[in-house]
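1. Need a 3D model of the following:
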Amino acid sequence: MTKTEQEFLRYIGKRIATLRRSKDLTQVAVCALIDMEKTNLSAIENGRQNVTSLTLLKIANAIGVEVGDFFIPPKEDRDKGDTLKT
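-> Okay, here's the model as predicted:
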């Protein structure tokens with residue numbers, strides 16, 4: 001895996017974790033909703049596991065956001081120039 005790919009996975013995982021926490025949901029709560037092991041969600045949020053599009057959809061539905069929200073940095077990060085690099 002290239003450094004760019006690793007950074008991409010870490011970015012997506014960080015966005016998932018940030019959005020989940022903003023909804024006051026624990027990893028355990030989300031996992032219960034989507035029938036996933038907590039270790040898998042933790043690996044995704046830490047950028048150690050490549051997540052499928054269907055898993056992104058399940059996580060988004062569980063936390064009440066759109067899948068696209070995982071790819072868009074919050075406004076305060078965009079204002080600082082912190083964006084997803086491809």
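2. Where does residue 43 sit, in terms of helix or strand?
-> Assessed by DSSP states H and E, residue 43 sits inside helix 38-45.
3. CA atoms only for that helix, dumped as PDB, please.
-> Taking Å, rounded to 0.1, in the frame of the first residue of the first chain, the C-alpha atoms of helix 38-45 are listed here in PDB:
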ATOM      1  CA  LYS A  38     -16.000  -3.500  17.500                       C
ATOM      2  CA  THR A  39     -12.500  -4.400  16.500                       C
ATOM      3  CA  ASN A  40     -13.400  -4.000  12.800                       C
ATOM      4  CA  LEU A  41     -14.900  -0.500  13.400                       C
ATOM      5  CA  SER A  42     -11.900   0.400  15.400                       C
ATOM      6  CA  ALA A  43      -9.600  -0.700  12.600                       C
ATOM      7  CA  ILE A  44     -11.600   1.300  10.100                       C
ATOM      8  CA  GLU A  45     -11.500   4.400  12.200                       C
END
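4. Quick one: residues in contact with it.
-> 12-14, 16-17, 20, 27-28, 30-31, 49, 51, 55, 59 (C-beta atoms under 8 Å, 6 or more residues apart in numbering). Backbone N, C-alpha and C define where each C-beta goes, glycine included.
5. which parts of it are buried?
-> Going by neighbour count (16 or more other C-beta atoms under 10 Å), the buried part of helix 38-45 is 40, 41, 43, 44, 45.
6. and the gap between the last one and residue 30?
-> It refers to residue 45. Between residue 45 and residue 30 the computed distance is 10 Å (C-beta to C-beta, to the nearest Å).
7. what do the two both touch?
-> residue 20.
8. Same list (the contacts of helix 38-45) but as JSON lines, adding neighbour count and distance to residue 72.
-> Formatted as JSON lines, the contacts of helix 38-45 follow (neighbours: other C-beta atoms under 10 Å; distance: C-beta to C-beta, whole Å):
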{"residue": "12", "neighbour count": "19", "distance to residue 72": "11"}
{"residue": "13", "neighbour count": "21", "distance to residue 72": "15"}
{"residue": "14", "neighbour count": "15", "distance to residue 72": "13"}
{"residue": "16", "neighbour count": "25", "distance to residue 72": "12"}
{"residue": "17", "neighbour count": "17", "distance to residue 72": "15"}
{"residue": "20", "neighbour count": "21", "distance to residue 72": "15"}
{"residue": "27", "neighbour count": "20", "distance to residue 72": "22"}
{"residue": "28", "neighbour count": "10", "distance to residue 72": "26"}
{"residue": "30", "neighbour count": "20", "distance to residue 72": "20"}
{"residue": "31", "neighbour count": "19", "distance to residue 72": "24"}
{"residue": "49", "neighbour count": "16", "distance to residue 72": "21"}
{"residue": "51", "neighbour count": "20", "distance to residue 72": "16"}
{"residue": "55", "neighbour count": "17", "distance to residue 72": "18"}
{"residue": "59", "neighbour count": "24", "distance to residue 72": "15"}
